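Colleague: Predicted model and sequence below, questions to follow.
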Amino acid sequence: MVDGDTIDVTFPDGSTDTVRLLGVDTPETYSGNKANEYGSITDTACLDRWGDLATGFAVEALDGQAVELVMDDAAGDRGFFDRLLAYIVVDGQDFNAQLVKQGYARVYTEGTSGREADYLRLEGVAQAEGAGLWDCGTAAQPIPPTSTSVAPSQSASPACHPSYEGACLDPNAVDYDCRGGSGNGPLYTGRVRVVGPDVFRLDGDGDGIGCE
C-alpha cells in the first residue's frame, strides 16, 4: 500500500506494479495538502488527517485481498509517473467510488475518467452530507444525545474514536456490536456514522452508516 489512491499490486505470475486509482484523489500523506484543492476547504491540517484516514481505509479494504483492475481506454494504461491507471474492484464493489461516496476522496477532474460523471454525483451527495473530508470546511458539531448510543461503561472514556460520528466510541475498546441490551453483555452502540477505518466492523453494507 502507498496511500489512499495509489496501491502496489502483485500479479499471479509474481510480478508487481503500482496502480494509481482512476478518477479520484485522496489528500496527500507524504507531502503537504493545499488550501482550496478540495473545493473551498482551507483547513490543511484537517485534510492531512483525512489523508491518513483514507490510507487506513484502503489498507483495511484491500491489503491481502484479490482485486480486479479495470482499465479505461479514455485514460490509457499508464499515467505521467508510469503508474498503471485503473479502477479497483473488490468483492464486486467499485472501490474508487467508495472513496468518493464516503468522503475519503474528491473527483480528480484534472485527469480523464469515463466514470467522472457518476463519481461527481457521489461527490455532490458526500459534500451535502458533510461526509469525510467535506466536514473540514465546517465547524465541528456536538454529538447529539441518545439513550442507546454507548454502553454505560463508556461515559468515562477520555476520548472518542475518530472513525465514528454520532456516538462517542471508546478508542480503547476491544470491540462493539450492533445489539442493544441491558449493558451486562457485549458493548453495543446505536446508529453511528462511519467516517474512518471501520475497526469495529459496524458498517456491514459499506454505506457509511453503522448499526442501521
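Modeller: That came through fine.
Colleague: all contacts plus neighbour counts: C-alpha atoms, from now on.
Modeller: Fine.
Colleague: any residues touching stretch 194-203, and which ones?
Modeller: Stretch 194-203 is touched from outside by 53-54, 56-57, 60, 102-103, 131-132, 162-165, 175-178, 208-211, with contacts defined as Cα atoms under 8 Å, 6 or more residues apart in numbering.
Colleague: Out of these, which sit inside helices?
Modeller: 53, 54, 56, 57, 60 (DSSP state H).
Colleague: From the contacts of stretch 194-203, keep the buried residues only.
Modeller: Listed as buried from the contacts of stretch 194-203 are 53-54, 56-57, 102-103, 131-132, 162-165, 176, 178, 208-211; burial here means 16 or more other Cα atoms under 10 Å.
Colleague: mind putting the ones in helices among the contacts of stretch 194-203 in TSV, pLDDT and distance to residue 109 included?
Modeller: Listed next are the ones in helices among the contacts of stretch 194-203 as TSV, based on pLDDT from 0 to 100; distance: Cα to Cα, whole Å:
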residue	pLDDT	distance to residue 109
53	96	22
54	96	19
56	94	24
57	95	22
60	94	26
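Colleague: Now render those as JSON lines, adding distance to residue 70.
Modeller: What follows is the ones in helices among the contacts of stretch 194-203, written out as JSON lines (distance: Cα to Cα, whole Å):
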{"residue": "53", "distance to residue 70": "24"}
{"residue": "54", "distance to residue 70": "21"}
{"residue": "56", "distance to residue 70": "22"}
{"residue": "57", "distance to residue 70": "20"}
{"residue": "60", "distance to residue 70": "20"}
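Colleague: Closest to residue 36 out of the residues you listed?
Modeller: Checking these against residue 36 by Cα to Cα gives residue 54 as the nearest, at 18.6 Å.
Colleague: is it true that the closest one touches residue 25?
Modeller: No: using Cα atoms under 8 Å, residue 54 makes no contact with residue 25, being 10.1 Å away.
Colleague: ok, and for stretch 56-70, which residues are buried?
Modeller: Under the neighbour-count criterion of 16+ other Cα under 10 Å, stretch 56-70 has 56, 57, 58, 59, 62, 67, 69 buried.
Colleague: need the contact list for residue 21.
Modeller: Residue 21 touches 5, 6, 7, 85, 86, 87, 88, 96, counting by Cα under 8 Å, 6+ apart.
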